[in-house]
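J.: just need the structure, nothing else, for what follows:
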Amino acid sequence: MLQAIQDLLVRARTGVVLANANTDVQAREGRHMARILVVDDEQQIRLMLRQMLERLGHVVAEASGGNQAVRSYREDPADIVIMDLIMPDKEGIETITEIRRDYPDARIVAMSGGGRMGPGNYLELANRLGAQRTLAKPFSMADVQEVIEDLLKTP
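T.: Numbers count the residues shown, from 1 in each chain. Here you go, the predicted model:
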């Protein structure tokens, strides 16, 4: 898993030219750049996602756990929340349920490597409880971009 994260960080760093060109095209086409809240207890994952999303032209806020995510969302609701499911202080499933209860229109992406069970069961449950999209770790910048663009098209 650590090697996959390091590989993704390298890919995110080397995608600067393409991402900047993509951002320029998006600005010319009037596409909405989003404020995205990234929630993961692993700092490396938050950093990797921040780099990917900022290269795509988005504004990124971070939370290291579910409780911090709920506080952050209440203070300044993000356009999209990308939420890890397995976290120590408050599980992602519980956090998704709480955000969805208080903000029914929240756009949420659940992500998970799934621990020992694999991501499938966790991501399926997150989908049923309110996450509109899912990302299985490890994922690529293209995967993240596709999910974000898809969610930004939905009202």
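J.: flag the shaky bits of the chain, pLDDT-wise.
T.: 1-32, 115-120 (pLDDT under 70).
J.: now the helices: where do they sit in it?
T.: 2-14, 16-28, 43-55, 66-75, 92-102, 119-128, 141-153 (DSSP state H).
J.: partner residues bridging the residue nearest the centre of the chain?
T.: The centre of the chain sits closest to Ile82, judged by C-alpha atoms, centre = their mean, with a distance of 2.6 Å. Counting by DSSP bridges, Ile82 forms beta bridges with Val38, Val109.
J.: correct me, but it touches Ala106?
T.: No. Using C-beta atoms under 8 Å, Ile82 is not in contact with Ala106; the gap is 11.9 Å. Every residue, glycine included, has its C-beta placed from N, CA and C.
J.: and Met87, its phi and psi?
T.: phi -140, psi 150 (degrees, to the nearest 10).
J.: contact partners for it?
T.: If you count contacts by C-beta atoms under 8 Å, 6 or more residues apart in numbering, Met87 has them with 39-41, 65-66, 95.
J.: now those residues as a markdown table including distance to Met52 and neighbour count?
T.: Below are the contacts of Met87 laid out as a markdown table (distance: C-beta to C-beta, whole Å; neighbours: other C-beta atoms under 10 Å):
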| residue | distance to Met52 | neighbour count |
| --- | --- | --- |
| Val39 | 15 | 33 |
| Asp40 | 13 | 25 |
| Asp41 | 18 | 18 |
| Gly65 | 21 | 18 |
| Gly66 | 22 | 25 |
| Thr95 | 21 | 27 |
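J.: closest to Asp150 among those?
T.: Val39 (19.2 Å; C-beta to C-beta).
J.: so the closest one sits right up against Met83, yeah?
T.: Yes. Counting by C-beta under 8 Å, Val39 does reach Met83; the two are 4.6 Å apart.
J.: what do the two both touch?
T.: 69, 92, 95.
J.: settle this for me: the first one is touching Ile82, isn't it.
T.: No. Here Ala69 lies out of contact with Ile82, judged by C-beta under 8 Å, at a distance of 10.1 Å.
J.: give me the common contacts of these two.
T.: In contact with both Ala69 and Ile82: 37, 39, using C-beta under 8 Å, 6+ apart.
J.: could you measure from the nearest residue in space to Leu125 that is not next to it in sequence over to Gln68?
T.: Beyond its immediate neighbours in the sequence, the residue positioned closest to Leu125 (C-beta to C-beta, 6 or more residues apart in numbering) is Ile93, lying 6.2 Å away. Distance of Ile93 to Gln68, given as C-beta to C-beta, to the nearest Å: 16 Å.
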